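**Q** Have a look at this fold, sequence not included:
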DNA sequence: GTCTATATTGGGATAGAC
DNA sequence: GTCTATCCCAATATAGAC
């Protein structure tokens, strides 16, 4: 998740906690493991964050914000939907590869505790991002650049699905690939090459 | 998950456990809650299944097998890929709607404990199903029925992604929809109408 | 602030009566 | 087989010395 060495203990804890929570989920995470990874002991953890719940909430907000900021950057500001698509998949796949644990973690925690969504969303500024995209899709549909009459929202979710699922499903996909005398690595390489074209093919006709 | 009333306690426990495990995951599930749901007490749970781990493994295998059998049934044996696609999405969406908790649960547990995959897969007979589909895709590509030269495996995963993700992502999608003055229900209705066509459009040209 | 030692509690597991 | 009562450990949390 992180990379940069950190001597500020509070941040060191946050980073360690992020790793452990993302890997094990809230229920499966252990304060002991977080302390170990941060190179301190449990008592100090509680000194800084009082409880597991409080630590989690703080970490969750930070992690999600980081993720969404990066996600926002993977969207070009200019260009047609087609151009944006190429760029998005390229960036997003890279991002997902580096943060394989995040999507499943995120979806899970939100499901277990739907209240978390609001805490995060209220602090987000990219609010308008989606609306802008939807407007652009509508416009390009009217202009005939996009031939398909799919609902813009559905097109967006389709794109997200195609982008994220191969990573969320890694544990099972890699097993299936192995059993078919292939491997996950090759699959994901091919995926990155074809997915943008797959979407473009679908809507340009 | 189930539906039918059950007076056989062992099965009653399995069904209750399936519900709780699917909802909370292994780490988050509580033996107490399973006992309550089954209308018995914890001691009896342990009398029947000795430990949480053993109960979980038994339940996991059963639940996954049920799911994969149903999944297999959503695939027509005859017809072109295009015909199978229409049928598959129709059936699969119905299935997913009824078992919203399953996909996320499954992906999560496999990730936490990759060994589970083998336990399940070794007991599965649809092994050849995927291979058959891939052969068919290759054939139709050669015949020119499918115009796209996408790798068959990647096409399959794309299809699965489009089918499953909108349900796995329900917690976050429903929040997003609400914030865009729409709602998850409408989205998913539209999704079911367009997704098959989305794929067909992409590969028939 | 950071540690060791200890308290507390939640929850899985067992004993033993019926 | 099914229950109540209890055990026991793991994991969160706190006290108190330094």
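**A** Looks like it came in fine. Small disclaimer: the values here were computed from a predicted structure and weren't measured. Residues are numbered from 1 along each chain as shown, chains lettered A, B, ... in the order given.

**Q** does stretch A:131-148 come close to chain B?
**A** Yes. On the criterion Cβ under 8 Å from any Cβ of the partner chain, stretch A:131-148 is in touch with chain B at A:131, A:134, A:148. No exception for glycine: its C-beta is placed from N, CA and C like everyone else's.

**Q** Make a markdown table out of these and add pLDDT, neighbour count and distance to DNA strand D.
**A** Converted to a markdown table, these look like this (pLDDT from 0 to 100; neighbours: other Cβ atoms under 10 Å in any protein chain shown; distance: Cβ to the nearest atom of the strand, whole Å):
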| residue | pLDDT | neighbour count | distance to DNA strand D |
| --- | --- | --- | --- |
| A:131 | 92 | 11 | 39 |
| A:134 | 96 | 16 | 42 |
| A:148 | 97 | 17 | 49 |
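
**Q** What residues of whichever helix in chain A runs longest count as buried?
**A** In chain A, with assignment by DSSP state H, the single longest helix is helix A:52-73. Neighbour-count burial for helix A:52-73 flags A:52, A:55-60, A:62-64, A:67-68, A:70-71 (criterion: 16 or more other Cβ atoms under 10 Å in any protein chain shown).

**Q** Please apply the same query to stretch A:122-138.
**A** A:130, A:133-134, A:136-137.

**Q** repeat for stretch A:14-32
**A** Per 16+ other Cβ under 10 Å, stretch A:14-32 contains these buried residues: A:14-26, A:28-29, A:31.

**Q** Now for the closest residue to DNA strand C within chain A: which residues touch it?
**A** Relative to DNA strand C, the nearest point of chain A is residue A:43 (3.1 Å; Cβ to the nearest atom of the strand). If you count contacts by Cβ atoms under 8 Å, 6 or more residues apart in numbering or on different chains, residue A:43 has none.

**Q** That one: which element?
**A** Per DSSP states H and E: residue A:43 is located in helix A:42-49.

**Q** Kindly report the same for residue A:105.
**A** Residue A:105 belongs to helix A:102-112, assigned by DSSP H and E.

**Q** can you check residue A:173 too?
**A** Residue A:173 belongs to helix A:170-179, assigned by DSSP H and E.

**Q** Quick check: residues of chain A near DNA strand C?
**A** A:9, A:40-44, A:47 (Cβ under 7 Å from any atom of the strand).

**Q** Pull out the buried members of those residues.
**A** Buried members of the residues of chain A next to DNA strand C, counted by 16+ other Cβ under 10 Å: residue A:40.

**Q** how about the residues of chain A next to DNA strand C, which pair is most distant?
**A** Using Cβ to Cβ, those reach their maximum pairwise distance at A:9 and A:42, which is 13.9 Å.
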